[in-house]
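Trainee: My questions concern the predicted model and sequence given below.
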Amino acid sequence: MSGSSSNNSRPVARRVHKGRVGGCLAVFVIIFILMVTLINGCTKKHQKNKNKPDTESTSVSSQTEPEKQKAPEKTEYIICIDPGHGGDDIGSSNGDRLEKVDNLRYATEVYEQLQNREHVKAIITRTSNDTDMDNRERAEFANNAGADLYLALHRNQLEDHTANGVEIWIQDEANVVDEVLGYKLLNALESAGIQNKRGVRSGYTNDSQNNFQIIEYTNMPACIVELGFISNDEDNRLFDAHYKDYAAAIADVVMQMIEEGYLNQVAANE
Ligand SMILES: [Zn+2]
């Protein structure tokens, strides 16, 4: 009996054992599948979460630094240099010294310095002191050329001969690009050794109401540089000694405006 019982019990035990093993396996497989599913889910979630900030950070960085992404958009930027006055319009004067001559002197230097810079095509409104051009013609010259930036280059004058230094004029309804341009020019010219920073101003220049028209007629970022007072002897001395340094500072600002993407930003808004 014992033999038979033991003989009988063995297969039963084995069956029971087999059943337990099968159950365990099934439970293990279920747990394994559950774990794999959970791990997969977590990984996907993790990837999703990982992707989310990436997308967000890309959009944030594109908002805060559009310039660096857009900087290579154009292979060539057209920069219009406009030496103020000319011909019968001498501008301001101090004895034999005529503003139209000083303007052409430093504007030509800016123009030539820009010729050697990458991604720049410089154009200039006049190359002679005998050229007469009104503000409409100057603006049309820049607009028709599709200029990306326009700089009216002037010198200042006041009856008060102690008045000195540099002013930058932008439109009344200037956008942030004009303002950035203005402050960059002012700071760069300060580093180049001007006597005084008089600020970035909007509205009408001391020079004349006409000067203001020019930056209204142009349809790209634009400003007027009043590079020192022709009525101030020290400003004139500094101008003669440093006009090439001033021109280099202005050309450097043009490059910064391109490299930092400010000129693309405007194109994108248009
Ligand atoms: Zn002027």
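Mentor: Yes, it's here.
Trainee: Does Asp245 touch Glu190 like I think?
Mentor: No - here Asp245 lies out of contact with Glu190, judged by CB atoms under 8 Å, at a distance of 11.7 Å. Using the backbone N, CA and C atoms, a C-beta is placed for each residue, glycine as well.
Trainee: Can you show me the helices along the stretch 101-250 of the chain?
Mentor: With DSSP state H, counting those that start in this stretch as the criterion, the stretch 101-250 of the chain has helices at 135-144, 176-191, 209-217, 233-259.
Trainee: Which positions in the stretch 1-150 of the chain make contact with the ion?
Mentor: Selection of the stretch 1-150 of the chain residues close to the ion by CB under 5 Å from the ion yields 84, 91.
Trainee: Tell me how many other residues crowd Thr108.
Mentor: 18 (other CB atoms under 10 Å).
Trainee: same deal with Val177?
Mentor: If you count neighbours by other CB under 10 Å, Val177 ends up with 19.
Trainee: Thr162 too?
Mentor: 9.
Trainee: so what's it up against?
Mentor: Contacts for Thr162 (CB atoms under 8 Å, 6 or more residues apart in numbering) come out as Asn232.
Trainee: these two touch, right, Arg155 and Gly91?
Mentor: Yes - look at Arg155 against Gly91 with CB under 8 Å: they come within range, at 7.3 Å.
Trainee: neighbour-wise, which of these two wins?
Mentor: Taking neighbours as other CB under 10 Å, Arg155 and Gly91 compare with Arg155 leading, 32 against 22.
Trainee: returning to what we had before: can you check which residues contact both of Arg155 and Gly91?
Mentor: Counting by CB under 8 Å, 6+ apart, the residues touching both Arg155 and Gly91 are 99, 103.
Trainee: Sweet, I'm off.
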